[in-house]
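[1] With the sequence up front, the predicted model follows.
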Amino acid sequence: MRDNFISNLEKKLREPLPGDQAHRKMIPTSRNQKPRFKFPNPPKLGAVLILFYRLNNEWHFPLIQRPKYIGVHSGQIGLPGGKMEHSDKDLIATALRETEEEIGIKQDKVAVIGSLSEFYVGASNHQILPVIGYYDGNQPTFIPDNYEVAEVIEAPLETLLDERSVKSIEMTVSPGLSLDSPYFHLSDRVVWGATAMMLSELVDVIKNP
């Protein structure tokens with residue numbers, strides 16, 4: 001369902017984006033001097049989708065809880081999305097395909113209105129495009145893929161925009177590596193790292209008069 005919020009956001013996404021300035025507000029800082037991630041190959045391309053929909057007459061968007069696995073994003077909360085495949089005509093197609101695969105939202109039910117700044121995820125060597133869209137219909141029914149998604153979390157946009165939702169926590173991400181990290185407190189979850197940094201840009205875009 002399109003309304004003034006969606007129309008205004010679409011216009012703002014055509015303007016210059018805050019990019020790194022917004023990302024830095026949510027960047028974790030290391031408590032030690034462990035070297036940053038280094039990779040011999042160029043970044044893989046990927047995309048995520050911020051999908052707005054109405055729930056109880058309020059705008060929400062889905063986050064996903066990743067299952068536990070051997071990898072840098074094990075158990076974390078993120079946005080639906082993933083790596084670009086050869087069959088994808090562009091990164092918007094990647095975002096739509098991955099969202100359908102992960103949480104069951106049909107691609108023809110998503111109306112894309114723009115995207116945020118591309119974002120480099122150093123932990124996994126991915127260059128990510130955050131795509132923005134809304135669900136073109138009534139409240140969506142999520143069908144999570146059991147292999148890739150432990151839970152779908154319905155996050156209220158109003159909470160994301162509330163300055164009181166920004167908090168700080170100490171994270172131990174691996175042996176010998178601890179971080180002081182700002183995060184968004186959404187639906188009683190800690191949303192930090194790359195996802196928080198992308199959402200930080202969304203907040204700045206929405207609040208920009």
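    Alright, I've got the coordinates.
[2] longest helix of the chain?
    helix 193-207 (DSSP state H).
[3] And the contacts of that helix?
    9, 12-13, 17-19, 21-28, 48, 50, 63, 76-79, 116-117, 119, 121, 123, 128, 130, 132, 160-161, 181-184, 191 (Cβ atoms under 8 Å, 6 or more residues apart in numbering). Using the backbone N, CA and C atoms, a C-beta is placed for each residue, glycine as well.
[4] Quick one: buried ones out of these?
    9, 12, 17-18, 22-23, 26-28, 48, 50, 63, 76-79, 116-117, 119, 121, 128, 130, 132, 160, 181-184, 191 (16 or more other Cβ atoms under 10 Å).
[5] Kindly provide the distance from Phe61 to Pro80.
    10 Å (Cβ to Cβ, to the nearest Å).
[6] quick one on the thing from earlier: in helices, which of the contacts of helix 193-207 fall?
    Mapping the contacts of helix 193-207 onto helices (DSSP H) picks out Leu9, Lys12, Gln21, Ala22, His23, Leu160, Leu161.
[7] Find residues that contact each of Phe61 and Pro80.
    Leu51.
[8] So for the two, which residue has more residues nearby?
    Between Phe61 and Pro80, counted using other Cβ atoms under 10 Å, the more crowded position is Pro80 (29 against 25).
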